[in-house]
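>>> have a look at this prediction, sequence included:
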Amino acid sequence: MQALRLLVLLPLLLLAGCLATFREPIPLGESAPAHLLGAWAGNDEWGERRFLDIVRQADGRYRALAWRESADNRAQARGYDFTVARHGRRWYLSVAAPARLGGHFAFGGFELTDDDELVLYSLDIDSVGRALEEGSLRGLVVGTEEGEGVLIESTLPEVYAFLDDPANSDVFVEVARFQRSAPREPAR
């Protein structure tokens, strides 16, 4: 599990093999806040130093370069493409999951705080599993090289309705918190 966590940062959303995925990504079309773009540094839930550099691509997707340990390790960064959507008061993102985790798309949340922090959230697999058992979401348990995961088959509107319900406020868990690591470029 630790190796996977080191492999996938924005994909800190892809925590462990215990992963909740969707068949389709969040569709292209929505723009993230301009403040999301740029360089970030912070610690993950294990206290390891992480770095992100986020840019918008010409096709409307976003790309995060992610690496660990020190700002000097940027040459070892991995790139991850993702899409975003805002629903209600929350921002969501989806990123492709590696084949060894069943493929499909991981889903997570992010927040830009008033203190100039970027906070990343992952779906809690136990909460998602309970939602499947109770019928709040549709899906199935899938086996991966890293362990069991869940493939959510509910539509995106059904998922948003589930996430908007205050009773499900604990479905997301914080996985990393970043601070701006370089002065932000002015918006163009």
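Good, I have the coordinates.
>>> could you pull out the helices for this protein?
Listed in chain order, the helices of the chain (DSSP state H) span 2-7, 125-134, 156-164.
>>> need those in TSV with distance to R63 and mean neighbour count, can you?
Placement of C-beta: from N, CA and C, glycine included. Converted to TSV, the helices of the chain look like this (distance: least, C-beta to C-beta, whole Å; neighbours: other C-beta atoms under 10 Å):
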stretch	distance to R63	mean neighbour count
helix 2-7	17	14
helix 125-134	26	16
helix 156-164	22	16
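>>> which of those helices sits closest to V171?
helix 125-134 (4.4 Å; C-beta to C-beta).
>>> worst mean pLDDT among the helices of the chain?
Within the helices of the chain, confidence is poorest for helix 2-7, with a mean of 33 (mean pLDDT).
>>> may I have the beta-bridge partners of the closest residue to E30 other than its chain neighbours?
Excluding the flanking residues, the one nearest E30 by C-beta to C-beta, 6 or more residues apart in numbering is A85, at 4.9 Å. With DSSP bridges applied, A85 shows beta-bridge pairing to Y92.
>>> about what we covered before: format the helices of the chain as CSV; extra columns: distance to P25.
Output for these, formatted as CSV (distance: least, C-beta to C-beta, whole Å):
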stretch, distance to P25
helix 2-7, 19
helix 125-134, 17
helix 156-164, 10
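>>> G108: which of those is closest?
helix 156-164 (11.1 Å).
>>> what's the angle from that closest one to helix 125-134?
120 degrees (axes from the mean of the first three to the mean of the last three C-alpha atoms, to 10 degrees).
>>> contact partners of stretch 119-128?
Contact with stretch 119-128 is made by 10, 12-13, 15-16, 18-20, 106-113, 137, 139, 149-150, 152, 168, 170-178, as judged by C-beta atoms under 8 Å, 6 or more residues apart in numbering.
>>> the same query, at a cut-off of 7 Å, please.
With contact meaning C-beta atoms under 7 Å, 6 or more residues apart in numbering, stretch 119-128 is reached by 12-13, 15, 18-20, 107-111, 113, 137, 150, 152, 170-177.
>>> sweet, I'm off.
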